[in-house]
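Colleague: mind looking at a prediction? Sequence and model below.
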Amino acid sequence: MIVDTRACASEFRTARRTEALLIRRDKRTGVLSVELHAHSALSYDGRDPIELILEQAEAVGLDAIAVTDHDEIDASLEAADRASAYGLVGIPAMEISSKAGHILGFGLEEAVPPGLSYETTLAEIHDQGGLAVIPHPFQESRHGVMARISRDELAMGDAIEVYNSRLLTGRANRQAERYAASRNLPMTAGSDAHISEMVGQAVTRVDADERSVDAILDAIAAGRTSVEGKRTPWRISFRQAAGGVSRRVRNSVMGLFQ
Ligand SMILES: [Zn+2]
Ligand SMILES: [Zn+2]
């Protein structure tokens, strides 16, 4: 396995500057830069309050952000309310644990309960007028749905997340991109950030008619997107995973890796 352990703070800062420059250039063309997958402290494995997430989103020049907590929506609704103070469009959203695996719902007003079937979860999102995006479908170890559904069923999603920054190899992302291309399905990216510093690590460029939630979701549904992303540095993916585990078993292994 090839592991990139060169990641360090200065490298992140350089990356951030590069991304901010790219984002500014895009603003002139009217294409919006959107973060569609970020977890707050309301997720069992997330760390940061929405203030830090919104600050980071603004700092890296994003136009819009969706906070997508696991099976919770309150922080996302609050972030959506407060986003405009940061110059952002806030998209209310969540990451739902269906029986088949994770499903992102956008444009929701209330939480979709976990534990429903794949089809019912999609129907609940659509009943609210929301958009269903299937995140990391081929990352079966991270609750990607392909462990439990067919390739035809995957196409029931409104879009496929074809770039997820949290990965050890790019294989599952490449599979997702090939799949979405073969079915002519809209594509999104997501940093899947569990700490605010990673917000903006993956960006979906959305050719929306205006800066609003509805216009962004309509453009995604119509496939007017392109994706761009960088992988979460391996050490951070590992710490995030270890952080979640340690909180559950109250046995920190972090000291070994710092
Ligand atoms: Zn997930
Ligand atoms: Zn996630």
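Modeller: Yes, it's here. Ligands and ions are numbered 1, 2, ... in the order given.

Colleague: just the pLDDT for the residue nearest the centre of the chain.
Modeller: Central residue of the chain (Cα atoms, centre = their mean): His37, 1.6 Å from the mean position. The predicted local distance difference test score for His37 is 98.

Colleague: so what's Met156 up against?
Modeller: Listed by Cβ atoms under 8 Å, 6 or more residues apart in numbering, the contact set of Met156 reads 118-119, 122, 132. In short, each C-beta sits where N, CA and C put it, glycine included.

Colleague: again with Asp74
Modeller: Taking Cβ under 8 Å, 6+ apart, we find Asp74 in contact with Leu42.

Colleague: what number of residues lie near the nearest residue to Arg224 once chain neighbours are set aside?
Modeller: Counting by Cβ to Cβ, 6 or more residues apart in numbering, Arg224 lies nearest to Asp207, which is 4.0 Å off, once chain neighbours are set aside. Applying other Cβ atoms under 10 Å, we find 17 residues neighbouring Asp207.

Colleague: what number of residues lie near the residue in the stretch 101-250 of the chain positioned nearest to ligand 2?
Modeller: With Cβ to the ion as the measure, the residue in the stretch 101-250 of the chain that lies nearest ligand 2 is Asp192; the distance is 4.4 Å. Using other Cβ under 10 Å, Asp192 has 29 neighbouring residues.

Colleague: repeat for the one 5 residues further on
Modeller: Close neighbours of Glu197, defined as other Cβ under 10 Å, add up to 18.

Colleague: that one falls within a strand, correct?
Modeller: No: according to DSSP: H, G, I helix; E, B strand; the rest coil, the state of Glu197 is helix, so it is not within a strand.

Colleague: in which helix or strand would I find the residue nearest to the centre of the chain?
Modeller: Following DSSP states H and E, one finds His37 within strand 32-38.

Colleague: after that strand comes which helix or strand?
Modeller: Read in the C-terminal direction, the helix or strand following strand 32-38 is helix 50-59, with elements assigned using DSSP H and E.

Colleague: correct me, but the residue nearest to Arg224 touches Val34?
Modeller: No: proximity of Asp207 to Val34 does not meet the contact threshold set by Cβ atoms under 8 Å, at 10.8 Å.

Colleague: how about the residues of this structure that lie near ligand 2?
Modeller: For the chain, the residues in contact with ligand 2 (Cβ under 5 Å from the ion) are 95, 192.

Colleague: quick one, what contacts Ile216?
Modeller: Neighbour list for Ile216: 32, 34, 64, 89, 91, 206, 208 [criterion: Cβ under 8 Å, 6+ apart].

Colleague: how many neighbours does the third one have?
Modeller: Think Ala64. By other Cβ under 10 Å, 24 other residues sit near Ala64.

Colleague: ramachandran angles for the residue lying closest to it once chain neighbours are set aside?
Modeller: Excluding its sequence neighbours, the residue lying closest to Ala64 (Cβ to Cβ, 6+ apart) is Val89, at 3.8 Å. Its backbone dihedrals place Val89 at phi -90, psi 130, with angles given as degrees, to the nearest 10.

Colleague: could I get the pLDDT score of Val89?
Modeller: pLDDT, the model's per-residue confidence, is 98 for Val89.

Colleague: just Ser237 next, same as before
Modeller: Ser237 is assigned 68 on the pLDDT scale.

Colleague: ditto for Leu52
Modeller: The per-residue pLDDT reported for Leu52 equals 97.

Colleague: kindly report the same for Asn164.
Modeller: According to the per-residue confidence, Asn164 scores 96 in pLDDT.

Colleague: re the thing from before, which elements pack onto the strand holding His37?
Modeller: In this structure, strand 32-38 makes packing contacts with helix 9-29, strand 64-67, strand 102-106, strand 159-164, strand 187-190, strand 202-206, judged by 3 or more Cβ pairs under 8 Å, 6 or more residues apart in numbering; DSSP states H and E.
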